[in-house]
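Chemist: Just to be clear, the model below is a prediction. Sequence and coordinates:
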Amino acid sequence: MSGKHTKRANGDNDSAGHVVIEPPAADDGAALWRIARDSQKLDLNSSYAYLLWCRDFADTTVVARADGEPVGFVMGYRRPATPDSLLVWQVAVDDSQRGRGLAGKMLDALFERAIPTGVRYLDTTITPDNDASIRLFTSFAKRWDATLERSEFLAAAEFPEPHEPEDLFRIGPLNASAD
């Protein structure tokens, strides 16, 4: 891959109008939980999980802030079995910021920060009916001039409660953007 990504973020801080994208603070978990809850799309984790995530996985997570308040996030983690992969767990944008390309800007900011640490692949799982997420990650792969591979991951029958199947999306290899 050529790595001809159009730079959309620089380092840990990216201003998109009045929105700043940066790592989360340890106390951002409650706000992220509310954004996830209000999305009515995400599998909602406990508030405790979001608090822990902001504390223990701040290096693989970004928060978008408008006027200092969280309005979006991308949560991820390095996969222990494949340390060159970052699994994006959840992406959420507050209603007040939707339609502005913020989710894509947050993904770009996260990966601009992750590539120097050895991350070469983005992994995520998406239900087949989540067209918005499929578009988001397909667009990310195109911006980064990277291959997107889609495969079956978890069948609906594997979940203990009613749940759509989850497909694995693997994007990469990712290279630092050309300046």
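Modeler: All right, it came through fine. Numbering: from 1, shown residues only.
Chemist: show me what contacts the closest residue to residue 110 other than its chain neighbours?
Modeler: Excluding its sequence neighbours, the residue lying closest to residue 110 (CB to CB, 6 or more residues apart in numbering) is residue 62, at 4.8 Å. Heads up, the C-betas are built off the backbone N, CA and C, glycines and all. Residues in contact with residue 62 (CB atoms under 8 Å, 6 or more residues apart in numbering) are 21-24, 73-74, 106, 109-110, 113.
Chemist: and if we set it to 7 Å?
Modeler: By CB atoms under 7 Å, 6 or more residues apart in numbering, the contact list for residue 62 reads 21-23, 73-74, 106, 109-110.
Chemist: ok now the one helix or strand it maps to, how far from the chain's centre?
Modeler: Secondary-structure assignment from DSSP states H and E places residue 62 in strand 61-66. Centre-to-centre, strand 61-66 and its host chain are 11 Å apart (CA atoms, centre = their mean, to the nearest Å).
Chemist: How about stretch 36-50?
Modeler: 14 Å.
Chemist: now do stretch 106-121
Modeler: 10 Å.
Chemist: and what of stretch 96-109?
Modeler: Worked out by CA atoms, centre = their mean, stretch 96-109 lies 10 Å from the chain centre.
Chemist: All further residue positions should be reported with the first residue as 16.
Modeler: In the new numbering, first residue 16, that becomes stretch 111-124.
Chemist: List buried members of the contacts of residue 77 by neighbour count.
Modeler: 36-38, 88-89, 121, 124-125 (16 or more other CB atoms under 10 Å).
Chemist: Out of the residues you listed, which sit inside helices?
Modeler: The helices, defined by DSSP state H, take in 121, 124-125 from these.
Chemist: Residue 180: how many residues sit nearby?
Modeler: Per other CB atoms under 10 Å, the neighbour tally for residue 180 reads 17.
Chemist: That one contacts residue 169, correct?
Modeler: Yes - between residue 180 and residue 169 there is a contact under CB atoms under 7 Å: 6.1 Å.
Chemist: residues near residue 82, how many?
Modeler: With other CB under 10 Å as criterion, residue 82 counts 8.
Chemist: The closest residue to it other than its chain neighbours and residue 86, how far apart?
Modeler: Distances taken as CB to CB, 6+ apart place residue 33 nearest to residue 82, at 6.7 Å, with adjacent residues excluded. Distance, residue 33 to residue 86, using CB to CB, to the nearest Å: 10 Å.
Chemist: what's the answer for residue 174, then?
Modeler: Taking CB to CB as the measure, residue 174 falls 30 Å from residue 86.
Chemist: what does residue 175 give?
Modeler: Distance of residue 175 to residue 86, given as CB to CB: 33 Å.
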